[in-house]
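Engineer: I would like the atomic coordinates for the input below:
(2 chains)
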Amino acid sequence: DAGVTQSPTHLIKTRGQQVTLRCSPKSGHDTVSWYQQALGQGPQFIFQYYEEEERQRGNFPDRFSGHQFPNYSSELNVNALLLGDSALYLCASSLLTGVRLDYGYTFGSGTRLTVV
Amino acid sequence: KQEVTQIPAALSVPEGENLVLNCSFTDSAIYNLQWFRQDPGKGLTSLLLIQSSQREQTSGRLNASLDKSSGRSTLYIAASQPGDSATYLCAVYSNAGKSTFGDGTTLTVKP
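Structural biologist: Numbering: from 1, shown residues only, chains lettered A, B, ... in the order given. Modelled structure (predicted):
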């Protein structure tokens, strides 16, 4: 049973560029959440996708956008990269049962983004 | 706004000790609380999930408790081993869509 897979594992981009990160959820999960984790800090919630729509959003600028596909996989796009966007980006999948999150999150190993 | 605090930020213990990690949150209206382990540069591994109607969960040497009214959870690790060295994070789910993480406790277990 495959868990959450993220690609690529590492990425180096230049300030001002755009980046796309990809996530395939765990089999049977229908909800994907994205997080940014700076060094020494806990993950910060970016947004969550369910039924191909953004369901919740954290305190991140519009430069951060996403998409969920019919097969539940998801992309995170970041435009106009800043040096401060350098972080580990984590994807987590879950099963949304009604309005309750009954099963918790399963995380991928993350994408390490470095902006130079 | 939900805030999650984990104390202590770092902990070093000799092998074999029992230890307790703490997690406190400001808004008691949570659905679930989940404890994770993170090794350096890696993703998060789920340890225990406590639903809002539960008071504790156990898995092997790990026991997590939840007291919603006081906004606290503890993770108890029995008979610690060097392989337990990692950062332990707690996350609270305040509604069906958002989660809030603490900054973690970095545990070092010395042989």
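Engineer: For chain A, which residues are neighbours of chain B?
Structural biologist: A:4, A:6, A:33, A:35, A:40-45, A:48, A:50, A:55-56, A:58, A:88, A:90, A:92, A:96, A:98-110, A:112 (C-beta under 8 Å from any C-beta of the partner chain). Glycine gets a C-beta too; all of them are placed from N, C-alpha and C.
Engineer: how about A:Leu81, what does it touch?
Structural biologist: A:Leu81 makes contact with A:Lys13, A:Thr14, A:Arg15, A:Gly16, A:Gln17, A:Gln18, A:Val19, A:Val115 under the criterion C-beta atoms under 8 Å, 6 or more residues apart in numbering or on different chains.
Engineer: Cross the residues of chain A next to chain B against strands and list the overlap.
Structural biologist: Residues of these located in strands (DSSP state E): A:6, A:33, A:35, A:44-45, A:48, A:50, A:55-56, A:88, A:90, A:92, A:96, A:100-101, A:106-107, A:112.
Engineer: what about burial for those residues, which qualify?
Structural biologist: Among those, those classed as buried by 16 or more other C-beta atoms under 10 Å in any protein chain shown are A:6, A:33, A:35, A:44-45, A:48, A:50, A:55-56, A:88, A:90, A:92, A:96, A:101, A:106-107, A:112.
Engineer: show me the contacts for the residue nearest to the spatial centre of chain A.
Structural biologist: Note on chain A: the residue nearest the mean C-alpha position is A:Trp34, at 2.7 Å, using C-alpha atoms, centre = their mean. Residues in contact with A:Trp34 (C-beta under 8 Å, 6+ apart) are A:Cys23, A:Phe45, A:Ile46, A:Phe47, A:Gln48, A:Gly66, A:Ser74, A:Leu76, A:Tyr89, A:Leu90, A:Cys91, A:Ala92.
Engineer: separation between the fourth one and A:Leu113?
Structural biologist: Counting by C-beta to C-beta, to the nearest Å, the gap from A:Phe47 to A:Leu113 is 16 Å.
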